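In: structure for this input, please:
(one chain, ligands or ions: 2)
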Amino acid sequence: MAVSTVHTIQSLNSIFRQKQVVFHSTSKRTCRRSSSRGPWVISCSAGDKSQTVVIGLAADSGCGKSTFMRRLTSVFGGAAEPPKGGNPDSNTLISDTTTVICLDDYHSLDRKGRKEKGVTALDPRANDFDLMYEQVKAIKQGTAVEKPIYNHVTGLLDPPELIKPPKILVIEGLHPMYDPRVRDLLDFSIYLDISNEVKFAWKIQRDMAERGHSLESIKASIEARKPDFEAFIDPQKQHADAVIEVLPTKLIPNDNEGKVLRVRLIMKEGVKYFSPIYLFDEGSTITWIPCGRKLTCSYPGIKFFHGPDTYFGHEVTVVEMDGQFDRLDELIYVESHLSNLSSKFYGEVTQQMLKHSDFPGSNNGTGLFQTIIGLKIRDLYEQILASKVTAPTRAARA
Ligand SMILES: Nc1ncnc2c1ncn2[C@@H]1O[C@H](COP(=O)(O)OP(=O)(O)OP(=O)(O)O)[C@@H](O)[C@H]1O
Ligand SMILES: O=C(CO)[C@H](O)[C@H](O)COP(=O)(O)O
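Out: Residues are numbered from 1 along each chain as shown. Ligands and ions are numbered 1, 2, ... in the order given. Below is the predicted model of the structure:
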């Protein structure tokens, strides 16, 4: 039988100080530690209703998570910055509304440790899912935590940093949907599914041009990660509420340049506080070539597709864009044919895209769909907030 001990925040702190993990309380609350489940398993009662909305973003390294995060933070306004006065190598980004934590911080093995044990960072054995679960749960319930830091410069685990509960917590990285306990804490989840060909092209662009790596070493690193990527990262997409799939274009026969992309936004039906966008007419299957009088298109043009489908046994709506925009200001023409965008005013998607026209993917479906998912997350957050405000009022009336 599980033996539960009631702890105050002070007594928890004394337990965790030895392990460099300290729990803070933002309101009066009690935490329980169950002795049958090990020292890391702490549950705190929610002291108020101001719980944090938790979003999961999964993708392999170098697949556009940071770019997506910049677009998302921008939808809420304000810039995201690392914690003030903290570790300069912190992976965390904080803005007024959102805190983005990188799940690399839950690596239980540092670079040397992984080498000695012969495991990659993608392997669950190199990650502490118990701590990830406990800390995400604590933040969701309004409790600040001391989260470890994985230092990508040194390859070491640095002393922890304080993470206070934000309005929206984004957990981004390799495994946000891997552990069922963490997955259950997510209010919304996204998977960035970049095909091998495109991933390779992006890696070359970044690691060769910006980081001075050789073509051979990039190839070797992709190959070395492949088995663990397929075993532990890729399967998470079946759990995602939205998947952004990035594939080579079909508009250029046998294209191997990887510059023109076919991007699919796959949106699950029946997700609470989320309803898919659609093109022209909800539920119908449509192919649309918008190029002509209102949209300038050079070779190979632009082709949209919209329709219902199934994805890992779930009903989904898919919107696809193949090709790229020549003139971003003309995106308003496409935006005006998309419905259920959750924008606050006509043209908001175009405005966001123009604002960040220098971000990678701004001229194609990656930027467009990332921006739309950003608006959808804002809408989901506002709906959750409204449900908390109206729930007690209704109860009081009954
Ligand atoms: N939509 C895009 N179109 C073209 N290139 C892109 C796009 N998104 C990302 N890239 C390329 O991939 C690189 C990595 O992007 P980003 O830093 O957003 O990925 P990440 O998943 O956060 O990477 P890491 O996990 O390694 O920090 C960029 O520098 C850019 O070269
Ligand atoms: O897959 C990764 C996620 O970003 C990294 O490779 C992993 O975190 C290990 O980092 P590093 O290569 O800096 O030791």
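
In: which residues of the stretch 201-350 of the chain lie near ligand 1?
Out: Counting by C-beta under 6 Å from any ligand atom, the residues of the stretch 201-350 of the chain close to ligand 1 are W202, Q205, R206. Bear in mind the C-beta positions are built from the backbone N, C-alpha and C, glycine included.

In: now list the buried members of the residues you listed.
Out: Among these, those buried by neighbour count (16 or more other C-beta atoms under 10 Å) are W202.

In: return the member of the residues of the stretch 201-350 of the chain next to ligand 1 nearest to ligand 2.
Out: Nearest to ligand 2 out of these is R206 (C-beta to the nearest ligand atom; 12.6 Å).

In: can I assume that closest one sits in a strand?
Out: No. Counting by DSSP: H, G, I helix; E, B strand; the rest coil, R206 is not part of a strand but helix.

In: is it in contact with C63, as I believe?
Out: No. The criterion here is C-beta atoms under 8 Å, and R206 misses it with C63 at 10.7 Å.

In: residue contacts, the closest residue in space to L192 that isn't next to it in sequence?
Out: Leaving aside its chain neighbours, L192 sits nearest to A59 (3.7 Å; criterion: C-beta to C-beta, 6 or more residues apart in numbering). Shown in contact with A59 (C-beta atoms under 8 Å, 6 or more residues apart in numbering): K65, E172, L174, Y191, L192, D193, I194, I233.

In: show me where the stretch 151-300 of the chain dips below the pLDDT cut-off.
Out: The model of the stretch 151-300 of the chain has no residue with pLDDT under 70.

In: ranges for the strands of it?
Out: Residue ranges of the strands in the stretch 151-300 of the chain, as given by DSSP state E, counting those that start in this stretch, are 157-163, 168-173, 188-194, 242-248, 261-268, 278-279, 286-288.

In: the third one vs strand 168-173, what angle?
Out: The one in question is strand 188-194. Counting by axes from the mean of the first three to the mean of the last three C-alpha atoms, to 10 degrees, strand 188-194 points 30 degrees away from the direction of strand 168-173.

In: tell me where the stretch 101-250 of the chain has helices.
Out: With helices called from DSSP state H, counting those that start in this stretch, the stretch 101-250 of the chain shows them at 111-117, 129-140, 180-185, 196-203, 215-228.

In: any residue of the first one touching ligand 2?
Out: To tie it back to what came earlier, the one meant is helix 111-117. Yes. Contact of helix 111-117 with ligand 2 is found when judged by C-beta under 6 Å from any ligand atom, involving R111.

In: touching that helix from outside, list them.
Out: By C-beta under 8 Å, 6+ apart, helix 111-117 touches H107, L109, T120, A121, R125, A126, G155, L156.

In: now, which of the residues you listed lie close to ligand 2?
Out: Within the set of the contacts of helix 111-117, contact with ligand 2 (C-beta under 6 Å from any ligand atom) is found for A121, G155.

In: among the contacts of helix 111-117, which two are most distant?
Out: Maximum pairwise distance in the contacts of helix 111-117, criterion C-beta to C-beta, is 18.4 Å, between R125 and L156.
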